[in-house]
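Asks: Based on what follows, work out the 3D shape:
(3 chains)
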Amino acid sequence: MPELPEVETVRRSLEPQVLEQTILEADVYYGGIIKAPDPHTFCDRIKGRRVKSVLRRGKYLIFTLDLSTMLVIHLRMTGQLLVCGREAPLKKHTHLVFRLSGGQELRFIDIRKFGLVYLVENNDMSAVKGLHTLGPEPLAEDFTWGGLAEKLKKRRGALKAFLLDQSQIAGIGNIYADEILFQAGLHPERKPQDLKPQEVKNLYAAIRFKLQEGIDFRGTSIRDYIDAKGEKGSFQNRLQVYDRAGRPCMRCGQILKKKVIAGRGSVYCPNCQT
DNA sequence: ACAATATCCTGCGAGC
DNA sequence: TGCTCGCAGGATATTG
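Replies: Just a heads-up that it's a prediction; the model follows:
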């Protein structure tokens, strides 16, 4: 499940391989993942564009191209971006292939077809659903403890749902939400409004620490996730609660519980998280 | 106004 | 062995 650390790892492994390369041709095998414009127009307009940078915003990857165009890709659940040689056999579920001037190919693979691809003109990001309503980047300097406290004060419902809401904070998904809550010692069903200042501080620190740790270990390869070189991350070896329901808590030994919260499987320690 | 649920999709493991 | 079933979850659409 690519979340902020996985998407950032893809970005870092991708950028040096595609920078200043020209997209010679795009081959579409499954047009359904291209959201705008229609696949035919998409291929027509991306042809000849040169990659100027690869950026990340939340879980979105943004390829800035020349002539004020941008390629925006969201990996959703099972999306993969791979740079490989032209001779490499096409993996199953390859939906889109960009032939690059350097002789390599950039391929988009997505088992479940949830991924999203947009070609944007005039740098008009408002054409991409969800991108312009994203909350702050949690690892950027403008994401502050005070700002988080303000948002929490206005929020009802479960704390876990707040963490998963991309318009509140960009980039957190189910795995890191559970890990952050464990790190902060907070129960996923706590009411955001009720958090004491010290608990907000702990949550803020846990968000920054766990996402940075995820990047440092190159992401969580628990099912399908690999980076643009096909390499797995190792954060799955450091998970403390996610995918560990029924096993003992690493801190206190009590059995970890699993419950559906905010529509997502949520694992937590009933003793350490209050 | 907000929260819970259904939806898209495929692979995998459990159970029979 | 081979079938069905439930589950995994990002984000939007729909229902409550």
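
Asks: Output the set of residues of the stretch 151-274 of chain A in proximity to DNA strand B.
Replies: Contact residues, the stretch 151-274 of chain A versus DNA strand B (Cβ under 7 Å from any atom of the strand): A:155, A:156, A:157, A:158, A:161, A:262, A:263. (Each C-beta comes from the backbone N, C-alpha and C, glycine too.)

Asks: Now the fourth one: phi and psi?
Replies: Residue A:158 has phi and psi values of phi -80, psi 150 when expressed as degrees, to the nearest 10.

Asks: again with the fifth one
Replies: Phi and psi for residue A:161, reported as degrees, to the nearest 10, are phi -60, psi -40.

Asks: Distance check, it against residue A:191.
Replies: Using Cβ to Cβ, to the nearest Å, residue A:161 is found at 11 Å from residue A:191.

Asks: Setting the sequence-adjacent residues aside, check what's closest to whichever residue of the stretch 51-200 of chain A sits closest to DNA strand C.
Replies: The stretch 51-200 of chain A approaches DNA strand C most closely through residue A:130 (2.4 Å), counting by Cβ to the nearest atom of the strand. Excluding the flanking residues, the one nearest residue A:130 by Cβ to Cβ, 6 or more residues apart in numbering is residue A:166, at 6.5 Å.

Asks: what do you get for residue A:53?
Replies: residue A:64 (4.8 Å).

Asks: Show me where chain A has its helices.
Replies: A:4-18, A:39-46, A:145-154, A:159-164, A:174-184, A:197-216 (DSSP state H).

Asks: need those helices in a markdown table with mean pLDDT, can you?
Replies: Shown next, in a markdown table, are those (pLDDT from 0 to 100):
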| stretch | mean pLDDT |
| --- | --- |
| helix A:4-18 | 96 |
| helix A:39-46 | 96 |
| helix A:145-154 | 93 |
| helix A:159-164 | 95 |
| helix A:174-184 | 95 |
| helix A:197-216 | 96 |
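
Asks: that older thread, looking at residue A:161 and residue A:191, which one has more neighbours?
Replies: A direct count of neighbours by other Cβ atoms under 10 Å for residue A:161 and residue A:191 places residue A:161 higher, at 19 against 14.

Asks: Is it correct that the more buried one is in contact with residue A:266?
Replies: No - under the criterion of Cβ atoms under 8 Å, residue A:161 makes no contact with residue A:266, lying 10.0 Å away.

Asks: Counting neighbours, what do you get for whichever residue of chain A sits closest to DNA strand B?
Replies: Per Cβ to the nearest atom of the strand, residue A:156 is where chain A lies closest to DNA strand B, at 2.8 Å. For residue A:156, the count of nearby residues is 9 (other Cβ under 10 Å).

Asks: if I pick the residue nearest to residue A:130, what's in contact with it?
Replies: For residue A:166, the contact set (Cβ atoms under 8 Å, 6 or more residues apart in numbering) comprises A:58, A:59, A:130, A:133, A:134, A:135.

Asks: Name the member of these that has the highest neighbour count.
Replies: Among the contacts of residue A:166, the one with the most neighbours (other Cβ under 10 Å) is residue A:59, at 25 neighbours.

Asks: now the strands for chain A?
Replies: Here chain A has its strands, by DSSP state E, at A:23-28, A:34-36, A:51-57, A:60-65, A:70-74, A:79-85, A:94-100, A:104-110, A:116-120, A:257-261, A:264-268.
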